[in-house]
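A.B. asks: Pasted the sequence and its predicted model underneath.
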Amino acid sequence: MGYLMLVLSPSRHTPKSIDLALSLVQTSKRPLLAVFIMDMKVPNAISSHIVDIGFLGDKVSDQLKSTIHREYEARGRRELEEVKERALKLGIECETIVRKGDFVKQCLKIAREKKIEDMVVSRAERSNISRKLFGSAVNELLEHATWPIMVVTDTAIENHKERDGGQS
Amino acid sequence: MPKIKTPFFILAIIVTVFILVSPPPEGLSQEGQAAIAVFAMCFILWTTGALPLSVTSLLAIALLPLFGALEARTAFSLFGNSAVFFILGAFMLAAAMMSSGLSVRVSLLFLRRFEGSPKMLISGILLSCAFMAMWMPAHAVAALMFPIVLEIALALDLEPRFSNYGKALFLSMAWGCVIGGVLTLLGGARNPLAIALLGEKYGLTIGFTRWILAVFPISAVLLVVVHLLVFKVFAPEIDNVRPARELIERKVRDLGPMSGREKKVLVVMLSTILAWIFLGEKMGLAPIAILGSSTLFVVGAMSWNDVEKYVNWGVILMYGGAIALAAALELTGAAKWMVTSLLGALPLDPFTLIAFVAVVSMILTEAMSNAAVVALVLPIAFELGDTVPGTSPLVMVFAVALPAGLAFSLPIGTPPNAIAYSARYHRLRDSVRVGVIMNLTALTTFLVIAKYYWKWIGVY
């Protein structure tokens, strides 16, 4: 039986997605792969914001970026530790990974490396117009993935079972 | 490599060329048309961020003589405006405060006085950020306070995205910087830029003390409102901040006694501020800023290496270019033409005009750099003011520069908001929900102060 991959990131996290992933692997008796992606797009943008708009030197922006990086990494490890602890209590095998990089690329890379069966990912509530206008990493992931993905928001769970574009 | 937003860059070129090759409309000279073409290009590039702000400014200074809007000698001489050197001196003083560690020490000592309860701690963060942003760029204050606030959030075991107290902490940090940044000429370079544009057109100025006197009530009201609002909307889930208190105490202990270098920077900084207050009107702000920052080298409190690490030289290009663009709009009559032909039909009285300009500036600043807002809006606002009898250009400076500095809603509005957002303790909708209320409060307070207080203290 392949992994169910639970994806968390600093901006994509709901307690509901963790609950869902744990209940799914418990029912299907599969191992859980809990992944935290440190997406540095926002910190990088802020860092250049400080230099280009704030006109502060590289030292300030580098210090800020490394503070954010350390915080994201520590947060990722903490969150994954909590997930692992809960999984072990339920008798579920759980592997954890913290990766730095682009959210979509890293998700796809790990999923292929680990030959996962399906995925649980969360995202913030936003309108479709906003997603079209400003882009959506989760939509991009849905486009590229070839496995079922459950997308969890604060109020709903979308089950993208068919990977050829269908949605149930 | 930073991404260049090609479609916006192409749009800027198309619009600029279109304006240049069109026959000049009635009442507009060829030079004026060229100035408007450069203005349109800057507007698109500054708004979309298709190029770094300073590169856009640099382009403006090159294109103004190339298109025939200004003589090359005039365009390049505007880089030497005293405001540019005041801003440079202020950035160098801030660099000394950061590199010596004095800024962190002052912030922590300030914060230590407010660590008793959750409410007190929020007040402390808000006030220490506001206080620091009065003396150094608000962006720098947000960057230096960010790790401290992050450690406080960790010490209090606040859950990112879900903790109300975490949201209150980071929003207070950002908004403290924003509010403190408008209070003096040091918190944001847009303020000296606005005064420079006032000087270029009218030969008038606003002194260091006069600025603080005019703006103080607005900052005071906003600080109180932020404090009340943040607690109302994000009711804290904790009632004990002991771990944060211990953290701050430990950090203060770790700093040890004040170093000789910190003492030197402190003395130079205080002397410079006193000189701005008491001698600013007589000597000018820029010579004092340059003397102050040069003294840091003389007493061995700063090396050139520190300046290189803490100051981005784009600051000179940005503000020099912005002043040149504004001067071109004024000298060629382009600003006057835009106002009379595009906005001349508006039946405005002085107060409505102030409100109109303030609203436009406040909306624009949520989407673009506040210095760019001043550079683009103030020349037009001056011309508008000239068409409405009873409107003082001094009020126009405040009507543009203050709202341009008061970005509360979006992370893109100003670096302090973006820095706070990067911690991910609050979501975009949290800052927008409360930020819009802050924007409306800021606007209302500004209008009330403009109508009654400024008349009373003789701003106009």
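C.D. replies: That came through fine.
A.B. asks: and the stretch 251-400 of chain B, which of its residues are near chain A?
C.D. replies: Applying CB under 8 Å from any CB of the partner chain, we find that the stretch 251-400 of chain B lies next to chain A at B:Val307, B:Glu308, B:Lys309, B:Tyr310, B:Val311, B:Asn312, B:Gly314, B:Val315, B:Met318, B:Ser369, B:Ala371. C-beta coordinates here come from the backbone N, C-alpha and C atoms, glycine included.
A.B. asks: For the residues you listed, give me TSV that also has pLDDT and secondary structure.
C.D. replies: Shown next, in TSV, are those (pLDDT from 0 to 100; DSSP: H, G, I helix; E, B strand; the rest coil):
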residue	pLDDT	secondary structure
B:Val307	92	helix
B:Glu308	92	helix
B:Lys309	92	helix
B:Tyr310	92	helix
B:Val311	91	strand
B:Asn312	89	coil
B:Gly314	87	helix
B:Val315	87	helix
B:Met318	90	helix
B:Ser369	84	coil
B:Ala371	87	helix
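A.B. asks: Please check those and keep the buried ones.
C.D. replies: B:Val307, B:Lys309, B:Tyr310, B:Val311, B:Asn312, B:Gly314, B:Val315, B:Met318, B:Ser369, B:Ala371 (16 or more other CB atoms under 10 Å in any protein chain shown).
A.B. asks: Touching, B:Leu329 and B:Ala335? I think so.
C.D. replies: Yes: when contacts are counted by CB atoms under 8 Å, B:Leu329 is listed as touching B:Ala335 (4.1 Å).
A.B. asks: Around chain A, pick out the residues from the stretch 1-150 of chain B.
C.D. replies: B:2, B:49, B:52-54, B:91, B:95, B:98, B:137, B:139-140, B:143, B:146-147, B:150.
A.B. asks: which pair in those residues spans the largest distance?
C.D. replies: Spatial extent of the residues of the stretch 1-150 of chain B next to chain A (CB to CB) is set by the pair B:Ser54 and B:Leu150 at 29.5 Å.
A.B. asks: Now do the strands in chain A.
C.D. replies: Applying DSSP state E to chain A gives strands spanning A:4-8, A:32-38, A:94-100, A:118-122, A:149-152, A:157-160.
A.B. asks: Export those strands as a markdown table, with columns for distance to B:Trp175 and mean pLDDT.
C.D. replies: Shown next, in a markdown table, are those (distance: least, CB to CB, whole Å; pLDDT from 0 to 100):
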| stretch | distance to B:Trp175 | mean pLDDT |
| --- | --- | --- |
| strand A:4-8 | 29 | 95 |
| strand A:32-38 | 27 | 95 |
| strand A:94-100 | 30 | 95 |
| strand A:118-122 | 28 | 93 |
| strand A:149-152 | 32 | 93 |
| strand A:157-160 | 35 | 78 |
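A.B. asks: With distance to chain B and mean neighbour count as added columns, please give those strands in JSON lines.
C.D. replies: Formatted as JSON lines, these follow (distance: least, CB to the nearest CB, whole Å; neighbours: other CB atoms under 10 Å in any protein chain shown):
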{"stretch": "strand A:4-8", "distance to chain B": "11", "mean neighbour count": "25"}
{"stretch": "strand A:32-38", "distance to chain B": "11", "mean neighbour count": "25"}
{"stretch": "strand A:94-100", "distance to chain B": "15", "mean neighbour count": "17"}
{"stretch": "strand A:118-122", "distance to chain B": "11", "mean neighbour count": "25"}
{"stretch": "strand A:149-152", "distance to chain B": "14", "mean neighbour count": "22"}
{"stretch": "strand A:157-160", "distance to chain B": "18", "mean neighbour count": "15"}
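A.B. asks: can you put these in a markdown table and add distance to B:Ala133?
C.D. replies: Shown next, in a markdown table, are the strands of chain A (distance: least, CB to CB, whole Å):
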| stretch | distance to B:Ala133 |
| --- | --- |
| strand A:4-8 | 34 |
| strand A:32-38 | 30 |
| strand A:94-100 | 32 |
| strand A:118-122 | 36 |
| strand A:149-152 | 39 |
| strand A:157-160 | 43 |
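A.B. asks: what about these, which gets the closest to B:Thr441?
C.D. replies: Closest of the strands of chain A to B:Thr441 is strand A:118-122, at 33.9 Å (criterion: CB to CB).
A.B. asks: now for that closest one, which elements pack on it?
C.D. replies: Using 3 or more CB pairs under 8 Å, 6 or more residues apart in numbering or on different chains; DSSP states H and E as the contact definition, the elements that strand A:118-122 packs against are strand A:4-8, helix A:15-28, helix A:103-114, strand A:149-152.
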